[in-house]
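Participant: got a sequence here, can you model it:
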Amino acid sequence: MSARAWTCFAAVATLWGIPYLFIKVAVDDGVPPAFVAWSRVTLGAVVLLTLAWRAGVLDTVRGRGKWLVAYAVPEIVIPFPLIAAGEQRIASSLAAIMIAAVPLFIALLALRFDHAERAEGRRLVGLFIGLAGVVALVGIDVSGNPEELLGAAMVLVAAFGYAVGPMVLKRTLADLDPRATMGSSLLIASIALAPAAAVHPPSTTPSSSALISLVVLGLFCTAAAFVFFAILIAEVGPGRGLVITYVAPVIAVACGVTVLGERPGVGAVAGLLLILAGSWLSTDGRLPPGLTELVARRRGRRAEPAPARGSVDPVSA
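Facilitator: This is a model prediction of the structure:
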């Protein structure tokens with residue numbers, strides 16, 4: 001991947017690693033899942049549509065309405081409230097790790113819809129190692145608890161939607177400005193989620209921490225993240241781009257442990273390690289450009305022969 005792609009990759013992995021914390025804070029404070037989803041997409045839509053309008057690129061989405069809907073429904077309308085509802089039943093860190101199943105869904109869908117994204121060789125091995133991590137998580141930490149199983153199922157359905165959305169984006173919308181594309185998609189999601197949010201508004205005024213969480217979710221985890229995401233998918237495709245779902249759980253687990261005091265079980269730890277291994281293999285076992293150059297320099301220095309004793313340094317002579 002290019003340096004630009006790796007920059008977008010790091011940005012999206014971070015911005016989509018922290019929302020599980022803020023979703024958990026909001027739903028635990030009593031904010032209904034539908035309202036959490038609606039508020040973040042509405043705020044994100046306002047920001048991105050304003051930026052697209054000021055840049056003069058808003059008209060580029062004309063004639064793409066059906067594809068914007070086809071993208072927004074599986075990528076935003078279905079997953080956002082499902083993840084929030086799932087987090088009412090499972091820990092934020094577990095929800096993030098469950099989303100790591102997205103690349104596997106991508107590989108399965110590619111068999112029928114996108115031959116260029118088929119996982120083969122090392123990438124295929126990485127995907128199944130990542131899947132083994134998800135299986136370890138569900139089988140050890142979640143099984144036996146009906147409420148947690150329901151929450152995990154909701155998050156897995158959301159993961160499937162996250163696999164469908166990028167494939168639609170790559171094939172039909174990747175040539176458009178990401179601010180216009182994502183702003184319009186978020187507007188469609190806002191309209192679709194508005195009835196549910198109106199039926200289930202917060203029963204009391206949300207606390208300051210919940211309000212801050214909603215603002216962070218809208219501005220950073222939605223508006224900014226979706227722009228970086230669109231650029232990333234256009235650069236490397238959904239298969240490699242969605243390896244962020246292997247990296248984001250690391251950030252989510254760290255946030256859950258340090259901020260919320262969550263204590264992941266044996267299955268979560270085993271799953272996380274397998275997911276990290278799968279992430280590396282799914283990107284062809286390569287390092288980012290900056291790290292590659294650093295490793296090459298260090299190897300070059302080690303390979304340089306040491307000066308012989310008694311020899312004179314030509315610089316200091």
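Participant: chain center to the host helix or strand of L150: distance?
Facilitator: Assigned by DSSP states H and E, L150 belongs to helix 146-172. Here the centre of helix 146-172 is set off from its chain's centre by 11 Å, with Cα atoms, centre = their mean, to the nearest Å.
Participant: state the mean pLDDT of it.
Facilitator: Summarised as a single mean, pLDDT over helix 146-172 is 90.
Participant: packing partners of the helix or strand just after it?
Facilitator: Note on helix 146-172: by DSSP H and E, the next helix or strand toward the C-terminus is helix 178-199. The contact analysis (3 or more Cβ pairs under 8 Å, 6 or more residues apart in numbering; DSSP states H and E) places helix 178-199 against helix 33-55, helix 65-72, helix 79-86, helix 225-241. Where you see a C-beta, it was placed from the backbone N, CA and C, and this is true even at glycine.
Participant: just those: most buried one?
Facilitator: helix 79-86 (a mean of 25; mean count of other Cβ atoms under 10 Å).
Participant: residues in contact with that one?
Facilitator: 20, 23, 26-27, 33-34, 36-37, 40-41, 95, 98-99, 151-155, 157-159, 161-162, 189, 193, 196 (Cβ atoms under 8 Å, 6 or more residues apart in numbering).
Participant: centre of the chain to stretch 266-278, how far?
Facilitator: Using Cα atoms, centre = their mean, the offset of stretch 266-278 from its chain centre is 17 Å.
Participant: again, but for stretch 41-58
Facilitator: With Cα atoms, centre = their mean, you get 21 Å for stretch 41-58.
Participant: can you check stretch 60-75 too?
Facilitator: Counting by Cα atoms, centre = their mean, stretch 60-75 comes out at 20 Å from the chain centroid.
Participant: pipe the helices and strands packed on helix 178-199 into a markdown table and attach distance to T181 per row.
Facilitator: Formatted as a markdown table, the helices and strands packed on helix 178-199 follow (distance: least, Cβ to Cβ, whole Å):
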| stretch | distance to T181 |
| --- | --- |
| helix 33-55 | 9 |
| helix 65-72 | 7 |
| helix 79-86 | 17 |
| helix 225-241 | 6 |
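Participant: which one of those helices lies nearest to L211?
Facilitator: Closest to L211 of these, according to Cβ to Cβ: helix 33-55, at 9.5 Å.
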